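Colleague: Mind looking at a prediction? Sequence and model below.
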Amino acid sequence: MIQVAVMGHGVVGGGVTEILLKHAEQIAKKLGEEVYIKKVLDLRDFPDSPIADRFTKDFNDIISDDEIDIVVEVMGGLKPAYDFVKQSLSAGKSVVTSNKELVAAKGAELLAIAEEKNVNFLFEASVGGAIPIIRPLHQCLAANEIEKINGILNGTTNFILNKMINDNMAFEEALALAQEKGYAERNPAADIEGHDACRKICILAALVYGTHVYPENVHTEGITKVTLKDVEYAQAWGGAVKLIASARKNGDKQEIIVAPMFVSSDCQLSNVDGVYNELLVRGDSSGTIGFYGRGAGKLPTASAVVADVMDCVLHKDKRRNIIWKDGDGSNVLPYETYVNAMYVLANGDDSSAAFAKANEIFGECERIAMNGAEDGELAFVTPELSFADFTAKCGEFAKSADVKSTMRVAKI
Ligand code: HSE
């Protein structure tokens, strides 16, 4: 029998115990031994839980219990999760986590401890909820050089954008609904400001390119400035606004960014609905592969956590060789150098004259016509240019028109 502790009995933690109990027999059959939940750590009381007698409020009950081989961390946040995980690994216990904040901030250090102690530190659930992505990148696509990863990695923002577009729902109402469904982070600013998606792309980039990527080194924009008008213009242009997380190889460095972008309807990411996530990964030998599924929520995320627990059982004393070195940010190219076409929404006294000026400044632009556009309103897409170049040219254009909004066109 393998004994595990689950730290955190929130949305995901509740799902983990539910699956471990519900599928105990099937899991034992697959592993050849039973997985027994010895302790659940939470400061709250859960008297109605079928394992209420195994709850504890004291981490010492876990760390000092030599019979516990695997610790599941589903508390979220850094404090006290980082300390508890570090102590668990140092004590020779394998750790499974869904905590992307932890992996993005401390992954290199925790993986090094796991390596030293010959235990596993697994985090499949930290990116894409139920979608298998860490294991495929680490194992199935290991023979490839990964050229780029583009994805929708935050279910909450995708859910909100969809509700705004399809149901004309106000931003706040859609966010409240995402919270009610258990998709949103404890502090939803992490979702809507893009930090959650950023942490996830940092983890994938570190895994694929071998050097830790700290979120502070990645240019990150959320969806709070996206207006209904931008969304309508994206549709008129032939696509949708999506919060895109992207990592691409450029020489021996990477371009990594999170931002709302226009995604053409030719690209399947434009059709990702609701809380679903999708990643498109391009390997030099494999070509492009899509990974799609539920990116958030209790059981989808817990399913990935429990699979990692099972992997720990199967790889007891023979660790999964997931490792990357620490980084100082020098592997991430400055975002001002990334090249994209840009959407611009502006107002001028004479929109035709303003468009002529735009063509003069940016080169030949594509004007977006939309029914119901206001007088003087002008929306267009520029040719591809670096962000630094765009900023300078947009400053020049702003002398002829009032620039209301700008957004990158995704290069998937
Ligand atoms: N808040 C996250 C999301 C949860 O909406 O995708 C899953 O990481």
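Modeller: Perfect, I can see it now. Numbering: from 1, shown residues only.
Colleague: Excluding chain neighbours, what is closest to D42?
Modeller: H9 (4.0 Å; C-beta to C-beta, 6 or more residues apart in numbering). C-beta: built from backbone N, CA, C; applies to glycine.
Colleague: Which residues are in contact with the one you found?
Modeller: T17, V40, L41, D42, R44, F46, S49, F55 (C-beta atoms under 8 Å, 6 or more residues apart in numbering).
Colleague: Sort out which of those are buried, if you could.
Modeller: Those of those that meet the buried threshold are T17, V40, L41, D42, S49, F55, by 16 or more other C-beta atoms under 10 Å.
Colleague: contacting residues around the closest residue to the third one other than its chain neighbours?
Modeller: Excluding its sequence neighbours, the residue lying closest to L41 (C-beta to C-beta, 6+ apart) is M7, at 4.3 Å. Neighbouring residues of M7 by C-beta under 8 Å, 6+ apart: 13, 40-42, 59, 62, 71-75, 81, 84.
Colleague: if we can go back for a sec, any chance of a markdown table for the buried ones among the contacts of H9, columns pLDDT and secondary structure?
Modeller: A markdown table is the format used below for those (pLDDT from 0 to 100; DSSP: H, G, I helix; E, B strand; the rest coil):
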| residue | pLDDT | secondary structure |
| --- | --- | --- |
| T17 | 98 | helix |
| V40 | 98 | strand |
| L41 | 98 | strand |
| D42 | 98 | coil |
| S49 | 97 | coil |
| F55 | 98 | strand |
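Colleague: re earlier: now do the residue nearest to L41, the pLDDT please.
Modeller: With respect to pLDDT, M7 scores 98.
Colleague: May I have the beta-bridge partners of it?
Modeller: L41, E73 (DSSP bridges).
Colleague: can you check K325 too?
Modeller: Counting by DSSP bridges, the residues bridging with K325 are T211.
Colleague: can you list the residues of the protein near the ligand?
Modeller: G129, N154, G155, T156, Y183, A184, E185, D191, D196, G295, A296 (C-beta under 6 Å from any ligand atom).
Colleague: Which helix or which strand is home to the residue in the stretch 301-412 of the chain that the ligand sits nearest to?
Modeller: Closest contact between the stretch 301-412 of the chain and the ligand, by C-beta to the nearest ligand atom, is at T301 (6.3 Å). Here T301 sits within helix 298-314, counting by DSSP states H and E.
Colleague: I'd like to check what contacts that helix. Which residues are they?
Modeller: 2, 4, 11-12, 14-16, 18-20, 23, 27, 30-31, 33, 35, 69-70, 72, 74, 94, 96-98, 120, 122-125, 129-132, 182, 293-294, 320.
Colleague: Of these, which count as buried by neighbour count?
Modeller: For the contacts of helix 298-314, a neighbour count by 16+ other C-beta under 10 Å gives the buried set as 2, 4, 11-12, 14-16, 18-20, 27, 35, 69-70, 72, 74, 94, 96-98, 120, 122-125, 129-132, 182, 293-294, 320.
Colleague: among the contacts of helix 298-314, which are in strands?
Modeller: Counting by DSSP state E, these place I2, V4, V35, D69, I70, V72, S94, V96, T97, L122, G293, R294 in strands.
Colleague: now, which of those sits nearest the ligand?
Modeller: Distance to the ligand, by C-beta to the nearest ligand atom, is smallest for R294 among the ones in strands among the contacts of helix 298-314, at 9.4 Å.
Colleague: now the helices for the protein?
Modeller: 11-22, 24-31, 60-63, 81-90, 100-117, 134-135, 155-167, 171-180, 189-192, 195-209, 228-237, 298-314, 351-362, 387-397 (DSSP state H).
Colleague: Which one of those lies nearest to D266?
Modeller: Among the helices of the chain, helix 228-237 comes nearest to D266, with 11.9 Å by C-beta to C-beta.
Colleague: For the ligand, what's the nearest residue on the stretch 1-150 of the chain?
Modeller: Of the residues in the stretch 1-150 of the chain, the one nearest the ligand is G129, at a distance of 5.5 Å by C-beta to the nearest ligand atom.
Colleague: closest to A245 among the residues of the chain next to the ligand?
Modeller: N154 (7.8 Å).
Colleague: What pLDDT does the model give A178?
Modeller: 91.
Colleague: Same check on L333?
Modeller: L333 is assigned 98 on the pLDDT scale.
Colleague: if I pick it, what's in contact with it?
Modeller: Applying C-beta under 8 Å, 6+ apart, the residues contacting L333 are N250, K253, Q254, E255.
Colleague: The second one contacts P334, doesn't it?
Modeller: No. Contact status for K253 versus P334: not in contact, 10.0 Å apart, counting by C-beta atoms under 8 Å.
Colleague: quick one: contacts for L243?
Modeller: For L243, the residues meeting the contact criterion (C-beta under 8 Å, 6+ apart) are 152, 154, 157-158, 161, 194, 197, 222-223, 258-261.
Colleague: mind checking how far it is from G327?
Modeller: 24 Å (C-beta to C-beta, to the nearest Å).
Colleague: before we move on, what about S351?
Modeller: For S351 relative to G327 (C-beta to C-beta), the value is 46 Å.
Colleague: Please apply the same query to K86.
Modeller: Shown here: K86 relative to G327, a distance of 19 Å by C-beta to C-beta.
Colleague: Let me know the pLDDT of M169.
Modeller: pLDDT recorded at M169 is 86.
Colleague: Brilliant, that's me finished.
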